[in-house]
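*Asks:* Compute the structure for the input listed below.
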Amino acid sequence: MPQRERIPSSWTVDAAGQDSTKPSVHLRCNDATLPFEFNFEAVRPNVFRTTFTSATHPLPPRPSVPRAETKLDGAEPKVTSTDKGTKIQIGDVIANVDYAGETPLLSVGFDGQPPILQDLDNRSYAVNGDGVAHYTQYNRKTFHVGLGEKAAPMDLSGRRFQISATDSFGYDAHRTDPLYKNIPLLINATPQGCVAMFSTSHTRGEYSIGSEMDGMWGFYKVYRQDFGGLEEYIITGKTLKEVVRTYADLAGYPLLVPRWAFGYLSGGMKYSMLDDPPAGEALIELAHKMKEHDIPCSAYQMSSGYTVAEQEPKNRHVFTWNRHRFPDPEDWIKEFHKLGMRCIANVKPYLVSSHPEYQKLKDAGGLFLDPHTKEPAVTKLWSAGGGERANGGHIDFTSEAGYNWWYNGIKKLAEEGIDCMWNDNNEYTIPDDEWECALNVSKDVLEVPEGLEKRPQVGLWGRSLHTELNGKASHDALLAVNPDSRPFVLTRSATAGTMRYACSSWSGDNTTSWDSMRGSTALGLNAGLSLMQCYGHDIGGFEGPQPDPELLLRWVQLGIYSPRFAINCFKTGEDNSIGDVIEPWMHPSITHLVRKTIKRRYALIPYIYSLSLESHQTASPPQRWIGWGYESDPEVWKLLDGEKQYWLGDSMLVGGVFEAGASKVKFYLPKASDDDEGYLNLNAPYQYLEAGQWVDLDVEWHGAGIPVLGKVGRAVAVGRDVQVLSPGEKENVANLPLDDYRGVEIFPPQKASRDGKWHETTWYEDDGTSASTKNKISSYTVAYSATESEIKVKFCKDESSGFEAPWKSLVVILPFGDLRKVVSEDKEVVDLGLSAEGQCSSFKSSNSPTPNIKLPIVLCAIVPLVYACNGPREVGSNPNCLGGTYTDCAADKQALCTLECFNQPPGQCTTGCTTRAQQECQRDCMAINNCDDCIEHLLIMGEAESAALEACSQPGDSYYCNCG
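*Replies:* As a prediction, the model looks like this:
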């Protein structure tokens, strides 16, 4: 990018705009060749706005967030002005604007602390050709995060990034830049507090965060904006949580997401590209295979193969159907729905010239204008197989013709039954800043500032403005078809404003490698800070080689602890028009472990969905940096890569395993205070661990899995481990079970709670479907206090919103090995044990509700605890599993020998058990489909090959399978 930098100097206070009693500063440059204005004002108690503009460099014509009105909420700013500068103090936030030197110098921080943000002396605000630049000092000790979606590690310090978006197919998670998002939000985080800088421009630019230095200027940060003047919000907060919530006050809170979208989302370009069998039949078969393998699945991401023309040239034509692959789309969608699968349809905001409506849209002015030819602009676009391209044009969403054409196309797909619009390839990688926008769409879509109708260049308005309006058109069209339901728009590219219309995004076309999986966590953490909070990754890798069994299982194990859980890929192969696909059962030796992991995801949906509702209300991301809430622990300020561990909400600390063959990992346990009661390892050996230390954790890939720890004093709401019907769904064409079971896994102190402390966790629920204007959110709180012999439990609910949960009992689930008695002061506790299915959901309670207590509390044990007649015993404590004689037990108790017996040495678990108990021990094996699957399973469990073959060939009640 050419550098044509000039620094306006010699500034004076603009007397006409200045009021010494108001928290604002208005300056005017005395250089007639650079007639710029500088304005700084408080718009919230912890938010300031800076503008640096001129007639040639106007404010962003369509800012990505609405211009904030001044609302100080009763705060009384203290303003002190001299002829050299102005100091504004609001509470403990202090902003200084020094205008005694050549350039305005801004510093922002907290009372009694050094400033966190400081402008660079004599170079703070510069003109750079058609755009501007803002220079600030670089502090090497600051943790720099945000910018939407940037390559790992999480800490952006010392690097340079393009503020732009592109189609980053097969990117390197640690090196590629740019990726898919254009969100110029940079947060400067320190143990003393945080200050964020956010530009509202849609134009392209760059952020250099200490990657540049100069002997005269030293190390610095600089935001360079390609076009227009600067509008920048400065957001302060003591923590990341405060800053992110305030940013949401400006940009908009994350949208509601349909509850079903937190289940497993299948995908793969191959299926929709098939002609023999036709794609529709192949997808119906895929849905049946999910059921055959007992793997719950909530939706399928249908790639654009359904739009490929039947005749040459077989290009992708958005809003058309290939009638060979899908003879009757509406009937096919209905059949797909009956199998429990929603359909997420891929749509791309461009038309190649072979599209049947290309000429019509071109003539109507729905495409960009090329000023050099005075014709609709033409560029190369992805058209058919991998890497194939054809001439065509992007839709101009500032044109009435283009916007309405897209809006009507989305409406038609929704009327046909499509559940979600997948706005893909919407980075607007057009080649020329001089291309022109029509700017004639209705004012409720885009209001053109006076005079700027004469400056239609896409460089000034920003390519990513069209990404945002693409999201708005899809969102509004869905709402028009189903006004009572929350619209579901999935977007690959995004601006700050896009997420007011799209409720979900992901990290795009990643690759298959251990490094890619490791880097994905850092991408997700920065995305969450940038308000993309229903976010995830293509598990197993979109492009690259097929994952081997260990990598696939590790990625699935990690993926279930992210807000969005999807397996989708292309996988370049011999037939580049189809590609290969990742299927959960592709490696028979791990199918049972993949199944178990995905079912755990479904069991966790009440917790993960509650985090999504919390995100919608407070802007706290479900996935959080390890120091979120633990800023006082100095060790977390050394853990800035964001790759190896993170918080999922406040209750679960999650880590990954990122190298083949690893059996142990080092893991840090952050400490909030001296009263911190530590952590509970939710995997074997299930130990309690003190906070504030590094520990080695067992992570055998076919055993303990990845590190997952529960925070002592917290709880996790759980439900059925299958897809359920959301309470708000009016039809149940798939005959899904009701969401009528709710458990809560509690993590009490190992001994007594300190000072009799009560530990409390609140989660949120709603009907899972209603539009935001009609939605009702209720809250549920479990509290407990522990002694060495018992755990006291309280439960309360707040359904004053009007939403009443379909479950009517709460199951309290204790950690593995915890034998303490559960008691309650205001509820009768029913000792449940385990059902034959191994889930604490089937029980009857005879107690009548008291007037103010409507739910019984039911005690059970978390897998793999089991119950004999006289209480729980640990699995594997001796060869009899139950740790004692139980021949006098009832038959149903004997049947509960173990739920995890396949993890025990062959033969141990069923020793002494009845036939029914032995059969119960086979429940995971029963889902194995063939002898090869069975044999591979035994080999993983340590059997010799000959013994495995013999065991898998025995008739009758053999321990693992009957392959005879």
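*Asks:* so Ala384 touches Ser577, yeah?
*Replies:* Yes: in this structure, Ala384 is within contact of Ser577 by CB atoms under 8 Å, at 6.4 Å. C-beta coordinates here come from the backbone N, C-alpha and C atoms, glycine included.
*Asks:* domains in the protein, as residue ranges please.
*Replies:* 8-147+183-251, 259-347+403-429+459-616, 713-863, 884-951 (automatic domain parsing).
*Asks:* deepest of those domains, which one?
*Replies:* Greatest average neighbour count among the domains of the chain goes to domain 259-347+403-429+459-616 (a mean of 22), per mean count of other CB atoms under 10 Å.
*Asks:* Report the rounded mean pLDDT for that one.
*Replies:* The average pLDDT within domain 259-347+403-429+459-616 is 97.
*Asks:* Report the separation between the two terminal residues of it.
*Replies:* This stretch, domain 259-347+403-429+459-616, spans 13 Å end to end (CA to CA, to the nearest Å).
*Asks:* How about stretch 248-257?
*Replies:* Taking CA to CA as the criterion, the two ends of stretch 248-257 lie 17 Å apart.
*Asks:* Distance from the chain centre to that stretch, please.
*Replies:* Chain-centre distance of stretch 248-257: 14 Å, with CA atoms, centre = their mean, to the nearest Å.
*Asks:* How about stretch 743-751?
*Replies:* Mean-position distance between stretch 743-751 and its chain equals 27 Å (CA atoms, centre = their mean).
*Asks:* Then stretch 522-531?
*Replies:* Computed by CA atoms, centre = their mean, the separation of stretch 522-531 from the middle of its chain amounts to 8 Å.
*Asks:* Stretch 398-416 too?
*Replies:* Remark: stretch 398-416 is offset 27 Å from the chain centroid, using CA atoms, centre = their mean.
*Asks:* again, but for stretch 779-789
*Replies:* 30 Å.
*Asks:* before we move on, what about stretch 683-693?
*Replies:* Mean-position distance between stretch 683-693 and its chain equals 27 Å (CA atoms, centre = their mean).
*Asks:* picking up where we left off before, can you check which of the domains of the chain gets nearest to Tyr668?
*Replies:* For Tyr668, the closest of the domains of the chain is domain 259-347+403-429+459-616, at 14.6 Å, according to CB to CB.
*Asks:* Which one of the domains of the chain lies nearest to Ile706?
*Replies:* When the domains of the chain are compared by CB to CB, domain 259-347+403-429+459-616 sits nearest Ile706, at 4.7 Å.
*Asks:* Enumerate the residue intervals of the chain where per-residue confidence is below the cut-off.
*Replies:* By pLDDT under 70, the weakly predicted segments of the chain are 1, 17, 826-828, 831-964.
*Asks:* which one is the residue nearest the centre of it nearest to, not counting chain neighbours?
*Replies:* The centre of the chain sits closest to Tyr535, judged by CA atoms, centre = their mean, with a distance of 2.2 Å. With CB to CB, 6 or more residues apart in numbering as the criterion, Tyr535 has its nearest non-adjacent residue at 4.6 Å, and that residue is Ala527.
*Asks:* what about that neighbour, which SS state?
*Replies:* Following DSSP: H, G, I helix; E, B strand; the rest coil, we place Ala527 in the helix state.
*Asks:* quick one: contacts for it?
*Replies:* The contact partners of Ala527, by CB atoms under 8 Å, 6 or more residues apart in numbering, come to Gly148, Glu149, Lys181, Ser505, Ser507, Gln533, Tyr535.
*Asks:* repeat for Ile187
*Replies:* His144, Val145, Gly146, Cys194, Val195, Ala196, Leu240, Val243, Leu529.
*Asks:* let's see 6 Å
*Replies:* Residues in contact with Ile187 (CB atoms under 6 Å, 6 or more residues apart in numbering) are Val145, Gly146, Cys194, Ala196, Val243.
*Asks:* And Pro634, by the same measure?
*Replies:* Not one residue lies near Pro634 by CB under 6 Å, 6+ apart.
*Asks:* same thing but 8 Å
*Replies:* Contact analysis of Pro634 by CB under 8 Å, 6+ apart lists Pro191.
*Asks:* Equivalent analysis for the one 5 residues further on, please.
*Replies:* Shown here is Leu639, whose contacts under the criterion CB under 8 Å, 6+ apart are Ile626, Gly627, Gln645, Tyr668.
*Asks:* and the longest helix along the chain, what does it pack onto?
*Replies:* If you go by DSSP state H, the chain has its longest helix at helix 591-618. With contacts taken as 3 or more CB pairs under 8 Å, 6 or more residues apart in numbering; DSSP states H and E, helix 591-618 sits against strand 264-267, helix 549-559, strand 715-718, strand 759-765.
*Asks:* Sheet-wise, list the partners of whichever helix or strand comes after the longest one with their directions.
*Replies:* Translated: helix 549-559. The helix or strand immediately downstream of helix 549-559 is strand 564-567, counting by DSSP states H and E. Strand 564-567 pairs in its sheet with strand 264-267 (parallel), strand 535-538 (parallel), by DSSP bridges.
*Asks:* would you turn those strands into TSV with distance to Glu41?
*Replies:* As requested, those are arranged in TSV below (distance: least, CB to CB, whole Å):
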stretch	distance to Glu41
strand 264-267	45
strand 535-538	33
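*Asks:* out of those, which comes closest to Ser208?
*Replies:* Of all the strands paired with strand 564-567, strand 535-538 sits nearest to Ser208, with 25.8 Å by CB to CB.
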